[in-house]
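[1] with the sequence up front, the predicted model follows.
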Amino acid sequence: MKLKLTLILSILTGYLQAQMPLAPSKHNLEKRVSIEVKNTQISEVLTRVSRAGAFYFSYSGALFTTDSLVSLNVRNTPVREILDRLFNNKVDYKENGEYIILRYAANHLTIEPENITTADKLYLISGYVIDTETGRKVKQASVYEKRLLQSTLTDHEGFFKLRFKGDHNEVILTAAKENYRDTTLVFLSDIKVKPEGYKDPNADEANGLFSDVENSGIGRFFISSKQRIQSLNIPSFFANSPFQTSLTPGLSSHGIMSSQVVNKFSLNVLGGYTAGTDGLEIAGLFNITKGDVKKLQFAGLFNEAGGAVNGFQVAGLLNNVSGEKKGFQAAGLLNRVKGETEGFQVAGLCNLSARSMKGVQAAGIVNVIKENVDGVQIAGIANLVRKDMEGTQIAGIANMTRHLKGVQIAGILNYAKKMDGLQLGLINVSDTSSGYSLGLINLVKHGYHKISLFTNETVNTNLSIKTGNSHLYTILFAGLNLSQNEKLRTVGIGLGHDFIFNRCLSVGLETTGQLLYLGKWDSTNLLSKVQANLQVQLVKGISLFAGPAYAVYSSDNPANSSSAGYKQNIVPQHHTSFGSNTKGWLGFNAGITFM
């Protein structure tokens, strides 16, 4: 009975397991999808396949023509087979994390070994790379051992030679060439292999997609043609190593494989070209990095990074980063970042960022940000932000941004299309403003542009211009006393704030300072006032105002000593003395405003 029961349970368990769906494939190329399309563009078919498999395709636009139409009807089919049918085995596929990279590879090649020599701690392989269809020998093909980080290029006869030192029980050679499918050949030995730092690019933990710096001006000048060809032949292979040293790019302890290796420590006597740095990199002149830089990088002249920088980067002249930058960056002349910038950035001349910046930025000449800033900008001449500025801008000459949410301080000009902060400068300009502008001239396109004619107890005819907004406006004015025997000329500046009660009624609180001319320049006559004007709008664009004012007059000119024909007594009979040369009194202010 026990045996029967055990047998029944085993059969039942096996049946239930057989009915369970298979575990999803770990690799994207082996995932099974179903798709049915008719006369559909290949790009749309790839999009549907990627959605069904929950991954992404990466490919060049030249891989196929955009108007190519295909029909396809498959059920539960591996992605690899679908791609073979779509491209008729003329495309090579590589996996990299969430991506399947498609590369045109209509041709096929093979490795034909000519000589294989094994000895104590020595493995020598030479041979040819052959086009399998034509039988021709392939020149400038990359032949490399992934784990041991050694490679070479075939010569014009398609010949290669590689020498491996150390204990190895196998050598795996891969041949790669642009527009060819990669091929791999395994050479066995009876000696142990000791790979260091190799990571298969098809492993679950992807190394990421690295940017190409070889087409930059610096890259074209310093990177050899052999290294360019190497990158074209094996664009997706990257490995890790604890150490490398270079004299120049190509003259490296990793040879021409240096551009495929990420190092913990990199010493470049003059300059070097590596896949990345995850530790410390030092160069007498320059560092060129294909991918990311982490932790520390120093160069006497320049650092060129094709990926992101996260850490401390210093160069005597230039830092150029194609990805994001986080941390500290300093250069004698220029820092240029194509991605987001976060941290502290200092340059002798200029800081440039194609995206947003968060942190502190200081430059001797100019800081330029194409998107937003959240932090502090300090420049000897100008700070330029294309979008929003939330923080503080300080410049010797000018600050410019689209939307200011912080503080602008400039020796001459501040400009913000929309201003919701504080501007301090000789000239402050904005289109719209709900903030505060302090300067000699404050211009708001959609703000105050008021012209007033007014009189007071000291000067009977005055003309003023008010610019800014209701929160804070600047007053520039001039006046003269229209009198035959009591002439007086004056110029002044002031600040004001309007308390608005409704559309027709408001109170303007103002403080002004002015210089009085009484016929000669050998004395200083200063008149300061605080006044409150009740403002009543008669019709749109015209208002009347009047109110009390308290005046304080300071002069080193004795009373009744003005030039002939000019006003002799500025101070009225009823006044308060604050010293022999300073008097105060209560006066008035009244006039009409056009706006």
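    Looks like it arrived, so ask away.

[2] could you pull out the strands for the stretch 151-300 of the chain?
    Using DSSP state E, counting those that start in this stretch, the strands of the stretch 151-300 of the chain run over 159-165, 170-176, 180-181, 183-188, 239-248, 251-252, 261-268, 271-274, 276-283, 286-289, 293-299.

[3] want to try TSV for these, with distance to Val373 as columns?
    In this view, the C-beta of every residue, glycine as well, is placed from N, C-alpha and C. TSV is the format used below for the strands of the stretch 151-300 of the chain (distance: least, CB to CB, whole Å):
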stretch	distance to Val373
strand 159-165	52
strand 170-176	44
strand 180-181	48
strand 183-188	50
strand 239-248	36
strand 251-252	39
strand 261-268	32
strand 271-274	32
strand 276-283	28
strand 286-289	27
strand 293-299	23
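
[4] closest to Ala141 out of those strands?
    Closest of these to Ala141 is strand 170-176, at 5.5 Å (criterion: CB to CB).

[5] so what secondary structure elements neighbour that closest one?
    Secondary-structure packing of strand 170-176 (3 or more CB pairs under 8 Å, 6 or more residues apart in numbering; DSSP states H and E): strand 107-119, strand 122-131, strand 142-145, strand 183-188.

[6] thought Gly316 was touching Phe298?
    No. Gly316 is beyond contact range of Phe298, at 9.3 Å (criterion: CB atoms under 8 Å).

[7] with mean pLDDT and distance to Val337 added, can I get the helices and strands packed on strand 170-176 in CSV?
    Shown next, in CSV, are these (pLDDT from 0 to 100; distance: least, CB to CB, whole Å):
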stretch, mean pLDDT, distance to Val337
strand 107-119, 78, 40
strand 122-131, 86, 41
strand 142-145, 86, 32
strand 183-188, 72, 39
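
[8] looking at those strands, which is buried most?
    strand 142-145 (a mean of 25; mean count of other CB atoms under 10 Å).

[9] chain center to that strand: distance?
    37 Å (CA atoms, centre = their mean, to the nearest Å).

[10] thinking again about what came up before, what's the closest of the helices and strands packed on strand 170-176 to Gly343?
    Among the helices and strands packed on strand 170-176, the nearest to Gly343 by CB to CB is strand 142-145 (37.0 Å).

[11] using CSV, write out every CA atom in that closest one.
    The C-alpha trace of strand 142-145 is given here as CSV (Å, rounded to 0.1, in the frame of the first residue of the first chain):
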residue,chain,number,x,y,z
SER,A,142,41.5,42.4,-34.2
VAL,A,143,42.6,39.1,-32.6
TYR,A,144,42.4,39.1,-28.9
GLU,A,145,42.2,37.0,-25.7
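
[12] show me the beta-bridge partners of Ser452.
    Ser464, Thr593 (DSSP bridges).

[13] please list all residues in contact with it.
    Counting by CB atoms under 8 Å, 6 or more residues apart in numbering, Ser452 touches Asn462, Leu463, Ser464, Lys466, Phe477, Phe545, Gly591, Ile592, Thr593, Phe594.

[14] please tell me I have it right and Ala559 contacts Asn569.
    Yes. Between Ala559 and Asn569 there is a contact at 6.1 Å, judged by CB under 8 Å.

[15] that older thread, out of the contacts of Ser452, who has the most neighbours?
    Using other CB atoms under 10 Å as the neighbour test, these are led by Lys466, with 24 neighbours.

[16] ok, that residue to Ala416 distance?
    To Ala416, Lys466 is 20 Å away according to CB to CB, to the nearest Å.

[17] now do the helices in the protein.
    Under the criterion DSSP state H, the chain contains helices at 2-19, 42-53, 79-87, 217-222, 225-233.

[18] ranking those helices by mean pLDDT, which is last?
    Lowest mean pLDDT within those: helix 2-19, at a mean of 46.

[19] go through stretch 342-362 and flag the buried ones.
    Within stretch 342-362, the residues scored as buried using 16 or more other CB atoms under 10 Å are 342-354, 356-362.

[20] so which of the residues you listed belong to strands?
    Among the buried residues of stretch 342-362, DSSP state E puts 342-347, 350-353, 357-362 in strands.
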